[in-house]
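Q: would you be able to build a 3D model of this:
(one chain, ligands or ions: 1)
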Amino acid sequence: MRNPLTTAMAASAFAAALIASGNARAVTKTIALPPDGVQLTASPLPGYAKAQTNCVACHSAEYMLYQPPNAARPYWEAMVKRMKAVFKAPLDDSDIPDIVDYLARTYGNEKGK
Ligand code: HEC
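A: Below is the predicted model of the structure:
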């Protein structure tokens with residue numbers, strides 16, 4: 001029959017080894033970020049560059065694609081203003097009209113106009 005004290009010591013040594021190997025694994029872990037594939041749709045409109053600067057720092061351009069394609073200009077304007085007011089998007093007020101113009105004509109009901 002085994003000595004219970006020896007068994008307990010062996011168990012704690014085993015636990016220590018587990019913790020040590022757990023740490024070793026953590027050191028070699030790599031973090032795979034999900035691909036951030038969706039870019040803003042290219043456009044000659046001045047709002048395109050402004051949207052690239054102001055609208056994809058917090059989320060990808062995928063968010064624009066999820067908006068209703070019949071969304072009119074006031075919808076986009078409200079969206080841009082909400083980003084600024086609610087989420088503190090560092091937007092210059094003077095850039096808002098160009099960005100709204102770009103969004104309405106690229107993703108909204110003025111597409112192709
Ligand atoms: C400071 C960070 C930040 C910036 C900059 C930002 N957004 Fe957002 N945006 C968010 C967050 C957070 C959400 C998610 C909100 C939610 O789930 O309701 C969001 C959601 C959205 C959505 C999805 C619709 C919705 O109601 O959730 C759209 C469209 C959008 N943003 C457009 C824009 C545009 C256009 C700009 C540039 C003018 C912009 N965002 C800049 C933080 C930001």
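
Q: how close does N109 get to the ligand?
A: Per Cβ to the nearest ligand atom, to the nearest Å, N109 is found 15 Å from the ligand. For glycine as for every other residue, the C-beta is placed from the backbone atoms N, C-alpha and C.

Q: find the nearest non-adjacent residue to that residue, please.
A: N70 (4.8 Å; Cβ to Cβ, 6 or more residues apart in numbering).

Q: which parts of this structure are helices?
A: Ranges of helices in the chain, per DSSP state H, are 4-28, 46-54, 62-65, 73-87, 96-106.

Q: average pLDDT across the second one?
A: Averaging pLDDT along helix 46-54 gives 97.

Q: just the shortest one next, same as before
A: When pLDDT is averaged along helix 62-65, the result is 93.

Q: could you list the buried residues of it?
A: Of all the residues in helix 62-65, those buried under the rule 16 or more other Cβ atoms under 10 Å are M64.

Q: pull the CA atoms of it into PDB?
A: Extracted in PDB, the C-alpha atoms of helix 62-65 (Å, rounded to 0.1, in the frame of the first residue of the first chain):
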ATOM      1  CA  GLU A  62     -18.800  46.500 -43.800                       C
ATOM      2  CA  TYR A  63     -21.100  48.500 -41.600                       C
ATOM      3  CA  MET A  64     -22.000  50.700 -44.600                       C
ATOM      4  CA  LEU A  65     -23.000  47.700 -46.600                       C
END
